[in-house]
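Generate coordinates for the sequence data below:
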Amino acid sequence: MSTMIFVNLPASDLDRSRAFYTALGCTINPLFTDENAICVVWSDDIFFMVLRREYFATFTDKQIVDPATSAQTSLGFSRTSRADVDAVVAAGAAAGGTELGDPKEHGFMYQRSIADPDGNALEFLYMEPEAAERGPDSYMEEQGGGDA
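Numbers count the residues shown, from 1 in each chain. Sure thing, here's the model as predicted:
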């Protein structure tokens with residue numbers, strides 16, 4: 001069995017979160033979805049448990065930060081092309097997300113970030129396959145560029 005990843009995120013409105021994440025192309029696992037949580041399926045091994053803020057608080061004694069005003073994490077997801085990065089960010093923005101800054105071009109990698117309706121940051125990126133295989137410095141040198 002491979003390692004599965006479950007990311008827990010606080011949310012103020014589960015219906016709004018469901019609409020946002022399904023617009024990104026995710027599905028919802030109904031077996032782990034109820035009035036307190038939705039199970040967002042990214043892949044066979046990656047899931048978001050989007051939890052009502054009050055329910056999220058039952059799992060910790062720490063203060064639950066507001067992701068709209070405080071950064072705790074940023075989650076990155078690879079895509080198959082630059083166009084795929086642009087498409088998923090556009091779909092997220094149309095479903096209530098907010099793009100975070102301008103697209104970032106690193107020569108070997110293209111990135112765009114978006115916040116879900118609650119402010120949780122998601123980053124989508126496309127990395128040139130050669131850069132992923134050999135490392136960004138080697139790839140950039142081959143391309144005639146400087147530091148990665």
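
So A71 lies in a helix, does it not?
No. Looking at A71 with DSSP: H, G, I helix; E, B strand; the rest coil, it is coil, so not inside a helix.

now it, nearest residue through space, not along the chain?
Of all residues not flanking A71 in the chain, A121 sits nearest, at 6.7 Å (Cβ to Cβ, 6 or more residues apart in numbering). All C-beta spots, glycine's among them, are computed from the backbone N, C-alpha and C.

cool, and V89?
R112 (4.6 Å).

What are the buried residues along the helix or strand in which the one you found is found?
R112 belongs to strand 109-115 when assigned by DSSP states H and E. For strand 109-115, the neighbour count (16 or more other Cβ atoms under 10 Å) marks M109, Y110, Q111, R112, S113, I114, A115 as buried.

And the residue nearest to the last one when sequence neighbours are not counted, how close does it get to L14?
With Cβ to Cβ, 6+ apart as the criterion, A115 has its nearest non-adjacent residue at 4.8 Å, and that residue is T98. The span separating T98 from L14 equals 19 Å under the rule Cβ to Cβ, to the nearest Å.

Which of these two has more residues huddled nearby?
The residue with more neighbours, out of T98 and L14, is L14; 18 against 14, by other Cβ atoms under 10 Å.

and the residue lying closest to that one once chain neighbours are set aside, how many residues sit next to it?
Closest residue to L14 apart from its sequence neighbours, by Cβ to Cβ, 6+ apart: I38 at 5.5 Å. Around I38 there are 25 other residues, counting by other Cβ under 10 Å.
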